[in-house]
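Asks: Fold the following, please.
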Amino acid sequence: MTRLVKCIKLGKEAEGLDAPPFPGPNGQRIFEHVSKQAWKEWLAMQTMIINERRLASFDPEAKKILTAEREKFLFAGGFEVPEGYVPK
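Replies: Next comes the predicted model:
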């Protein structure tokens, strides 16, 4: 049976994730309040941020940037496209 969540990003009830995306309280918070659709949208944005800002995902500073951007995108309702980004 599909698990539904009240998705904070989409503002409606939608199918939830199958498991927390990573361990810890932040992963649990995402599991409880973010839908599969919103998480998929975040993963696409994360890829764009990594590419546009030329981040190395293993770099601790890059992880801080991605964590902050994830919070803005999923929970704060705000997100800025990286400077210089041109959609294809």
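
Asks: Can you show me the helices along the chain?
Replies: Remark: helices of the chain, listed N- to C-terminal, are 25-33, 36-53, 60-71; assignment by DSSP state H.

Asks: Adding mean pLDDT and mean neighbour count as columns, could you present these in a markdown table?
Replies: Heads up, the C-betas are built off the backbone N, CA and C, glycines and all. Output for those, formatted as a markdown table (pLDDT from 0 to 100; neighbours: other Cβ atoms under 10 Å):
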| stretch | mean pLDDT | mean neighbour count |
| --- | --- | --- |
| helix 25-33 | 97 | 15 |
| helix 36-53 | 94 | 15 |
| helix 60-71 | 95 | 14 |
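
Asks: can I get those in TSV with distance to Gly78?
Replies: Supplementary listing: these in TSV, determined by distance: least, Cβ to Cβ, whole Å:
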stretch	distance to Gly78
helix 25-33	17
helix 36-53	12
helix 60-71	10
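
Asks: Leu4 is nearest to which of the ones you listed?
Replies: Leu4 sits nearest to helix 36-53 of all these, at 10.5 Å, using Cβ to Cβ.

Asks: For Glu15, which of the helices of the chain is the nearest?
Replies: Closest approach to Glu15 among those (Cβ to Cβ): helix 36-53, 5.0 Å.
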